[in-house]
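Asks: fold the following for me, if possible:
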Amino acid sequence: MAYIKKMVMTGFKSFARRTEIIFDEGINVIVGPNGSGKSNIIDALCFVLGRLSIKSMRAAKVRNMIFMGSKFAKPAHEASVEIVFDNSDKKFALDNLEISIKRIVRTNGQGIYKLNGETKTRTEIIEILAHAGIDPYGFNLILQGEIQSIVKMHPEERRKIIEEVAGISIYESRKEKSLSELEKTDARLKEIGTILRERTAYLNNLEKEKSQAQKHKELQTMGKRLRASIIKKRLDDKVKEIENIEKTINEKSGQCNKIKEKVEKSQKEIDGLSEKIQQINKHIQKASGVEQGALRDEITELKAGLEGLRARREGLEHRKEETEKRIFELAKQIPELESEVVGLRKQMPGLARKAQELKKKKEELGELEKERRKILTLKSSLESFREKIDDRQRQLGRASAESESLVGQIEEITKELNYANTSECLEALKKFKNSLDKGKEEVIELRKKEIENEKIISVAENEIKRNREIREKVEKIDVCPLCQSKMTESHVMHVFGDCDGKISAAGKRLEEIGEGLKEIRDKRVRLVKEIEESEKQIYSCQKELNVFRAVDEKKELMKKSVEYEKVLKAEIKELNEKRAGLEGKTGDLSLIEEKYQEKILEIEEISSRTEEDVDTTLLYKEREIEKTKNIASRAREDLEEIKEQIKEFGDDIARKEEALEEHELKEEELEKRFKKMYADRDNMQTQIQEENIELTKLQSEARQIEEQVNYLKIGRAKFDGERQTIEIDMEDYHEVEIVQGSLNYLEERLEKTQEALDNIGSINMRALEVYDEVKKEYDIVKGKVETLESEKGEIMKIIDEIDKKKYRAFMKTFKAINELFTRNFSKLYSKGAAYLEVENAENIFAGGVNIVVKLAKGKYFDINSLSGGEKTLVALSLLFAIQEFKPYQFYVLDEIDAALDKRNSERLAALLNQYMKSGQYIVISHNDAIILNSQLLYGISMHEGVSKILSLHLDGEKKEN
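Replies: Have a look, this model is predicted:
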């Protein structure tokens, strides 16, 4: 339970200086002489809890709450009171263990509330206190002189106290709210019920007129349906006839189209065959004049070359045989000559030295022969280099020609370009694409605006149409469908004026929107043209980009060609250098030849230096042997060379024979192809003749069908005219339901319907128009009445349930408090008894609660006839009964025992001591019995106009605040 821990006053009434009062959880008694400021402490407590009634705090105005000053103390500028509650059990809706509430009032009337040092509004403070069960006007605050007010108060006020204790104020607020709703519902029911009665009488009369008008309308509708059905029947017959003609026309047109397709197909085949014949003629002419001639020249050349090669090969074969034969003969001669030389040497030993010298010369001759052969090999290599140089020169010429061709192609391609390079073209392409995207976005936005404007125009046109229809309808009706009053001229003029105003406003809006719409459409057309131009420019840029890519490819090829030229020139230069070196080396060939001949002569000279015939003969034989060996050696070399040449000729002959065979095959294929071409051409010409005959037949057939179709179209036009005439009649019966039946049946039924219409008398057709609206309004009003009656029933149920709950809660509390009250009074007053009694037992809330006092000898006394002490005892008995039933956080009792004698004061002290054990009590008293039972005693004194406090605990400790 929350209790007051302390209260601090500064500048409040007689407490000029800061004064802090520490309160205990039990009984806190405040004592002091009259006028010392005891009740100012209670006023401070009421002040800080948020009381607004200044008079209840014993002051005339707010300024009187502030210390006014004295002879020895200055006046205060403001008064403040702070109270601190214990919140350990979380009675307050805050997490703090202590709750501090402070109220300040200043001389200018300004008031400030603070909660734990934070400024708040009074409402917020009251809500915080209410959550903890603390009320600044609560029953637990008994100020000076108020104790007997419980006895003196009106019985209904006393009943309300019990209601408050019972906590049924919530039921009362709910009931008041429900009663307020019930009152509103009754008022609305009364109002709507009057309207419903009027509408019911009007609706009954209108329903009779409507029934007659409905019958007339149904007959009119049926007549209209029958006329529409007759027209529809005739129209369907015409449409069927037209459909039959249309079907025939479509069939004929389909046949004609198929024939035309055949004609077109046949013509295409003829054209295709003619074109193929022309191509064959051109090909034959070209092939016979160029291709065949070139092929025959090549064959002739190949044959001639083959003959030459074969002849040369045969000559070489013959030379080979001759050389082999000679080598064989020389090989036979050498042993014979060597045998003769051996015999001659035996005859002449003196020739040894000469032979040695001859041998040396022969070795030198052999070295010269090697040099000579080496130079001949170099000469052959020189020829090879010359051929390579010629080949590179030809390749260089081709590369140069290709480069010149590429340059020409690049110049030709770039003649009609609009941009200098790829970057410029890409930049332009980007610009045109951005322009295109922007244009498309603008077109989309304009289209949205156009749609919005079209919607506005449609709304305006509908508004004009609707108001014109209203004008037309108003002229025809006699009773206003809204107010049910007769249509007067002023009423009609008012409607006309309203409609004309709306038509004028809508027309003006149409004109404004129409101009804006025209501007939007013009702008959109212009943007579309700009978009088309941008697309053309984009296409042109993309085309030029492709050209630039082709140019880049050509430039890349040209670059490669130039690089290839450089490589060829470098190779030619290198080959020329090598050729020059070889030419320098082969220049020594003549010198070697001279030395070679000299050596031969020297050998001959040595061989000729003999004195005798033997010597001569020997020398001759040796020379002959040497010569024979040399001849045999050269013959063998020639033989190898001949074999090599024969092999080369054989390879050349094989290649040329293969080429000749290929050319002969080509010539044969060419001749076959020409024969096939001639045959194909003849077949195609025959096919063209046949196609032309078929084409003529098809064209004749197509003309006949077209004439038939034209005749059918003339008939269709005639029927179509008749159909249009019937459709014009049918427009008057748009969306009319058709009656099924034959034409005769429909015409007979129409005649009977017309007779029934003629037999009906005068009618009020406006009843049909007004009835639905009136019935709809009637149903709405009736529905509202039913809803309100249902709501009223629900409210009555709620009120009844509230009353039951309220009664149960009140009686439960009343009985409990009455028992406690009776018990308490018997403890305080032994000469009689007291109890509570309701004034109206049947309806307790219609009356109050009386206090009945029964004294000795069974006499009942009026409460007002009791003495002051007896009234105090009755009030205290009821107060403690309520406290026991529903304990408060704390109690403040200011001189409640003033009217009691010593004996009753002691009884009161005993009873207080019993109840004060379960709560916090702050009591102002002069009663010794109460003072002795207190736990903490405060003494108040006045000195020089300022109140002071002394506190005394049970242990006798004294403390000055």
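
Asks: from now on I want contacts and neighbour counts done on CA atoms only, so please keep to that.
Replies: Will do.

Asks: contacting residues for Leu878?
Replies: By Cα atoms under 8 Å, 6 or more residues apart in numbering, the residues touching Leu878 are Ile817, Leu820, Phe821, Asn824.

Asks: just name the closest of those to Gln148, please.
Replies: Using Cα to Cα, Phe821 is the member of the contacts of Leu878 that lies nearest Gln148, at 15.4 Å.

Asks: ok so, going back, with respect to Asp552, which of the contacts of Leu878 is nearest?
Replies: For the contacts of Leu878, the nearest to Asp552 is Ile817 (113.4 Å; Cα to Cα).

Asks: if I look at the closest one, how far off is Glu884?
Replies: 8 Å (Cα to Cα, to the nearest Å).

Asks: show me which of the two is the more surrounded one.
Replies: Relative neighbour count places Ile817 above the other of Ile817 and Glu884, with 26 against 16, counting by other Cα atoms under 10 Å.

Asks: so that one sits against Ala881, correct?
Replies: Yes. Ile817 is within contact range of Ala881, at 5.6 Å (criterion: Cα atoms under 8 Å).

Asks: how many residues are close by Gln687?
Replies: Gln687: 14 surrounding residues under other Cα under 10 Å.

Asks: and what of Gln144?
Replies: 16.

Asks: what about the nearest residue to it once chain neighbours are set aside, how many residues close to it?
Replies: Distances taken as Cα to Cα, 6 or more residues apart in numbering place Asp894 nearest to Gln144, at 4.9 Å, with adjacent residues excluded. Neighbours of Asp894 under the rule other Cα under 10 Å: 23.

Asks: doesn't Asp43 make contact with Asp894?
Replies: No. Using Cα under 8 Å, Asp894 makes no contact with Asp43, being 10.3 Å away.

Asks: in PyMOL, how would I select just the buried ones from the contacts of Leu878?
Replies: Buried residues within these, by 16 or more other Cα atoms under 10 Å, are selected in PyMOL with:
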select buried, resi 817+820+821+824
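
Asks: can you tell me which of the contacts of Leu878 comes closest to Val263?
Replies: Set against Val263, the nearest of the contacts of Leu878 by Cα to Cα is Ile817 (121.4 Å).

Asks: which residues touch the closest one?
Replies: Leu878, Ala881, Ile882, Phe885.

Asks: would you reformat the residues you listed as TSV and include secondary structure?
Replies: Shown next, in TSV, are these (DSSP: H, G, I helix; E, B strand; the rest coil):
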residue	secondary structure
Leu878	helix
Ala881	helix
Ile882	helix
Phe885	helix
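
Asks: most neighbours out of the residues you listed, which is it?
Replies: When those are compared by neighbour count (other Cα under 10 Å), Leu878 ends up highest, at 26 neighbours.

Asks: now do the helix or strand containing Asn818, average pLDDT.
Replies: In this structure, Asn818 is located in helix 766-828 according to DSSP states H and E. On average, the pLDDT along helix 766-828 is 75.

Asks: what's near enough to touch Phe890?
Replies: Contacts of Phe890 by Cα under 8 Å, 6+ apart are Tyr3, Ile4, Asn140, Gly919, Gln920, Tyr921, Ile922.

Asks: quick one, phi/psi of the first one?
Replies: Right, Tyr3. Note on Tyr3: its backbone torsions stand at phi -140, psi 170 [degrees, to the nearest 10].

Asks: just the pLDDT at it, thanks.
Replies: pLDDT, Tyr3: 84.

Asks: hang on, isn't it packed against Asp86?
Replies: Yes. Counting by Cα under 8 Å, Tyr3 does reach Asp86; the two are 5.6 Å apart.

Asks: low-scoring stretches of the stretch 851-961 of the chain, by residue?
Replies: Scanning the stretch 851-961 of the chain for pLDDT under 70 picks out 856-863, 915-918, 954-961.

Asks: and the helices in it, which stretches?
Replies: Secondary structure of the stretch 851-961 of the chain by DSSP state H, counting those that start in this stretch: the helices cover 868-885, 902-915, 928-932.
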